[in-house]
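[1] model this:
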Amino acid sequence: MSHTCCCSLFHCVFATKNRCKTISADIQPRLGEYIGGIARKHGMKALVVGGMEDHVHILLSLPSTLPLGQAMREIKSASSRWMHETCNLQHFEWQEGYGAFSIGTTQIAATLGYIADQAEHHKKHDFQAEFISFLKKHRVEYDPRYIWS
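    Numbers count the residues shown, from 1 in each chain. Next up is the predicted model:
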């Protein structure tokens with residue numbers, strides 16, 4: 001085969017440090033656009049970006065040449081800098097880690113809808129319950145002592 005073909009789709013989730021509600025409703029769409037730009041700059045595709053005041057969801061398509069950890073470092077680092085410089089949030093920080101859950105192409109529509117419907121979803125479930133449900137659904141082992149640091 002003369003070239004590499006790859007379909008790597010991840011539903012990525014990460015929170016603000018200590019889940020502080022620092023991403024106001026007016027910043028959320030602009031942050032989503034900025035994260036989409038970061039993704040494009042590094043050869044990724046952010047199919048959708050959404051979230052709430054204390055966390056972000058991204059449906060991310062990665063090229064074969066970019067490891068997931070590097071992709072998340074680029075997105076979180078650049079978006080944090082943007083929050084400081086553009087939104088004048090000098091004390092803004094993302095949590096140290098993130099969740100990334102692989103999905104298949106048949107799950108794209110449902111994942112797009114889920115991310116777009118965050119406000120409605122969070123009327124019933126907080127971020128911590130949501131994140132734990134992702135871990136359980138994807139059978140990811142975790143230590144509750146360290147999951148929120």
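
[2] what's the least confident helix or strand in the chain by mean pLDDT packed up against?
    When each helix and strand of the chain is scored by mean pLDDT, DSSP states H and E, helix 118-121 comes last, with a mean of 88. With contacts taken as 3 or more CB pairs under 8 Å, 6 or more residues apart in numbering; DSSP states H and E, helix 118-121 sits against strand 45-52. Backbone N, C-alpha and C define where each C-beta goes, glycine included.

[3] for the chain, just list every one of the helices.
    Taking DSSP state H to define them, one finds helices in the chain at 28-41, 68-85, 108-116, 118-121, 127-137.

[4] wouldn't residue 17 be in contact with residue 95 here?
    Yes - between residue 17 and residue 95 there is a contact at 5.4 Å, judged by CB atoms under 8 Å.

[5] looking at the two, which is more packed in?
    More crowded of residue 17 and residue 95, by other CB atoms under 10 Å: residue 95, with 18 against 15.

[6] what sits opposite the nearest residue to the more buried one once chain neighbours are set aside in the beta ladder?
    Distance criterion CB to CB, 6 or more residues apart in numbering; nearest residue to residue 95, sequence neighbours excluded, is residue 15 at 4.7 Å. Legend: beta-bridge partners of residue 15 under DSSP bridges are residue 55.

[7] isn't residue 15 up against residue 96?
    No - contact criterion CB under 8 Å: residue 15 and residue 96 do not qualify, at 10.0 Å.

[8] perfect, I'm done here.
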